[in-house]
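**Q** I'd like to go over a predicted model; first the sequence, then the structure.
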Amino acid sequence: MRALIERQLYQPAVVLPLLLLMRLMVTLDFNLAQVTFVMVVKGSQHVFRAVVRQRGANLLTRHACRHCCAGN
């Protein structure tokens, strides 16, 4: 059982988010409403950045294509 726990839980992808959550909870004195609010705001920032990055990449490819195809 110990080997299973070490193999499954001692992964950086599991441990690091838990440590970040604990640090946030300690910073906010374990106020779950504030912790939830901060997590929602941070999550929406990640989604917004991903959408902007995707749209920016699409605009650049379309823009470059119009210029090179317009001359032909």
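**A** Thanks, I have it.

**Q** so how far is stretch 22-29 off the chain centroid?
**A** 19 Å (Cα atoms, centre = their mean, to the nearest Å).

**Q** Going by neighbour count, which residues of it are buried?
**A** Neighbour counts using 16 or more other Cβ atoms under 10 Å place no residue of stretch 22-29 among the buried ones. Glycine gets a C-beta too; all of them are placed from N, C-alpha and C.

**Q** residue closest to the middle of this structure?
**A** residue 46 (4.7 Å; Cα atoms, centre = their mean).

**Q** give me the element residue 57 is part of.
**A** Per DSSP states H and E: residue 57 is located in helix 32-70.

**Q** Report the mean confidence score over that helix.
**A** Averaged over helix 32-70, pLDDT sits at 81.

**Q** What of stretch 6-20?
**A** When pLDDT is averaged over stretch 6-20, the result is 85.

**Q** May I have it exported as PDB, CA atoms only?
**A** Provided in PDB are the C-alpha atoms of stretch 6-20 (Å, rounded to 0.1, in the frame of the first residue of the first chain):
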ATOM      1  CA  GLU A   6       4.300   6.800  -3.200                       C
ATOM      2  CA  ARG A   7       3.900   6.000  -6.800                       C
ATOM      3  CA  GLN A   8       0.500   7.700  -7.300                       C
ATOM      4  CA  LEU A   9       0.700  10.700  -4.900                       C
ATOM      5  CA  TYR A  10       4.300  11.800  -4.900                       C
ATOM      6  CA  GLN A  11       4.100  13.100  -8.500                       C
ATOM      7  CA  PRO A  12       4.800  16.800  -9.100                       C
ATOM      8  CA  ALA A  13       1.500  17.200 -10.900                       C
ATOM      9  CA  VAL A  14      -0.300  16.100  -7.800                       C
ATOM     10  CA  VAL A  15       1.800  17.600  -5.000                       C
ATOM     11  CA  LEU A  16       2.500  21.100  -6.400                       C
ATOM     12  CA  PRO A  17      -1.100  22.100  -6.900                       C
ATOM     13  CA  LEU A  18      -1.900  20.900  -3.400                       C
ATOM     14  CA  LEU A  19       0.900  22.900  -2.000                       C
ATOM     15  CA  LEU A  20      -0.300  26.000  -3.800                       C
END
